[in-house]
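K.L.:
what's the 3D shape of this:
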Amino acid sequence: MKVLISLLITFFTCACGGPLTIKDKKFKASNACDGEGEIEFFMQNGELVAKARSNLQTYMKKIGLFSAWCHGIKQIWKSKATYAGYTFDSSIDEPLQFKVDRNKGYCYLKGKGTVTTPVGKVIKLP
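P.N.:
Residues are numbered from 1 along each chain as shown. Sure thing, here's the model as predicted:
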């Protein structure tokens with residue numbers, strides 16, 4: 001039942017018909033786990049840091065290490081940070097938020113800022 005509720009929440013909160021869905025394989029949800037909760041990404045000393053919020057839970061389908069890319073995890077980009085050639089530049093007051101979705105891709109949920117693609121295309125959100 002918990003899995004069904006999680007899937008329904010994912011369906012309604014991650015329509016992926018919005019202004020941005022990233023389908024790059026580097027943003028693909030892991031087949032090894034499902035999850036609930038949030039992870040913050042930010043730059044510290046020139047390195048990308050992922051910090052789990054206290055409500056983060058993952059459900060491993062097979063033995064493996066923790067992944068920030070578990071299906072269902074919400075990711076919050078603080079300030080300006082780069083991953084896999086994409087630069088996320090978030091508003092301080094309303095940071096960019098995405099959800100990892102195994103079937104649909106990396107789905108924009110809310111927040112203000114820009115995402116610059118590896119080829120230099122700048123996408124303003126919302």
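K.L.:
Tell me where the protein has strands.
P.N.:
For the chain, the strands defined by DSSP state E cover 21-22, 30-36, 38-44, 47-52, 57-60, 70-71, 74-77, 80-83, 86-90, 96-101, 105-110, 113-116, 122-125.
K.L.:
Any chance of TSV for the ones you listed, columns mean neighbour count?
P.N.:
(Glycine included, C-beta is placed from N, CA and C.) Shown next, in TSV, are the strands of the chain (neighbours: other C-beta atoms under 10 Å):
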stretch	mean neighbour count
strand 21-22	18
strand 30-36	20
strand 38-44	16
strand 47-52	12
strand 57-60	16
strand 70-71	24
strand 74-77	22
strand 80-83	16
strand 86-90	20
strand 96-101	23
strand 105-110	20
strand 113-116	18
strand 122-125	14
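K.L.:
which of these has the lowest average pLDDT?
P.N.:
When the strands of the chain are compared by mean pLDDT, strand 57-60 comes last with a mean of 75.
K.L.:
Report the separation between the closest residue to residue 112 other than its chain neighbours and residue 113.
P.N.:
Take residue 112 and drop its neighbours on the chain: the residue closest to it by C-beta to C-beta, 6 or more residues apart in numbering is residue 91, 3.9 Å away. Using C-beta to C-beta, to the nearest Å, residue 91 is found at 5 Å from residue 113.
K.L.:
same check, this time on residue 87
P.N.:
Distance from residue 87 to residue 113, counting by C-beta to C-beta: 10 Å.
K.L.:
who's in contact with stretch 81-101?
P.N.:
Residues outside stretch 81-101 that contact it (C-beta atoms under 8 Å, 6 or more residues apart in numbering): 10, 13-14, 16, 22, 24, 26-27, 29, 35, 41-43, 48, 69-80, 106-118, 125.
K.L.:
End to end on that stretch, go ahead and measure it.
P.N.:
Stretch 81-101 has an end-to-end distance of 21 Å (C-alpha to C-alpha, to the nearest Å).
K.L.:
chain center to it, what's the gap?
P.N.:
Averaging C-alpha positions (C-alpha atoms, centre = their mean, to the nearest Å) puts stretch 81-101 8 Å from its chain's average.
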